[in-house]
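Student: below is the structure, and that's it, no one-letter string:
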């Protein structure tokens, strides 16, 4: 039977994080999708239900709270 060896790597304590700044295109993209869903819901929510669900799914899967505009 083989043995598994692990080599622990200590974290870099002196490493500085770079300053985060928001990308306006990222925020505008989210805003645009939300406005599109609002428009579709106001015009005819029953007919546009499929489109609203598609946009909603895209927002939920593509734009999570852990997403970073810097990535």
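Tutor: All right, it came through fine. As the structure is a prediction and not an experimental result, all values here were calculated from the model.

Student: top helix in this structure by residue count?
Tutor: Longest helix in the chain by number of residues, with DSSP state H as the criterion: helix 24-43.

Student: and it, what's buried?
Tutor: By 16 or more other CB atoms under 10 Å, the buried positions in helix 24-43 come out as 33, 37, 40. C-beta: built from backbone N, CA, C; applies to glycine.

Student: between these, which is nearest residue 50?
Tutor: residue 40 (9.7 Å; CB to CB).

Student: if I read this right, that closest one contacts residue 53, doesn't it?
Tutor: No: counting by CB atoms under 8 Å, residue 40 does not reach residue 53; the two are 10.1 Å apart.

Student: where does the protein have low pLDDT?
Tutor: When residues are selected by pLDDT under 70, those of the chain lie in 1-2, 15, 17-18, 20, 62-71.

Student: could you redo the last one with a cut-off of 90?
Tutor: 1-31, 33-34, 53-71 (pLDDT under 90).

Student: so who does residue 42 touch?
Tutor: By CB atoms under 8 Å, 6 or more residues apart in numbering, no residues touch residue 42.

Student: residue 4 - how many residues pack around it?
Tutor: Residues contacting residue 4 under the criterion other CB atoms under 10 Å number 4.

Student: same deal with the one 10 residues further on?
Tutor: Counted with other CB under 10 Å, residues neighbouring residue 14 total 5.

Student: distance-wise, check it relative to residue 49.
Tutor: Relative to residue 49, residue 14 is positioned 54 Å away (CB to CB, to the nearest Å).

Student: circling back: let's have the buried residues of helix 24-43 in CSV, adding distance to residue 22.
Tutor: Compiled in CSV, the buried residues of helix 24-43 are given as follows (distance: CB to CB, whole Å):
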residue, distance to residue 22
33, 16
37, 22
40, 27
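
Student: tell me which of those residues is nearest to residue 24?
Tutor: The nearest member of those to residue 24, counting by CB to CB, is residue 33 at 15.1 Å.
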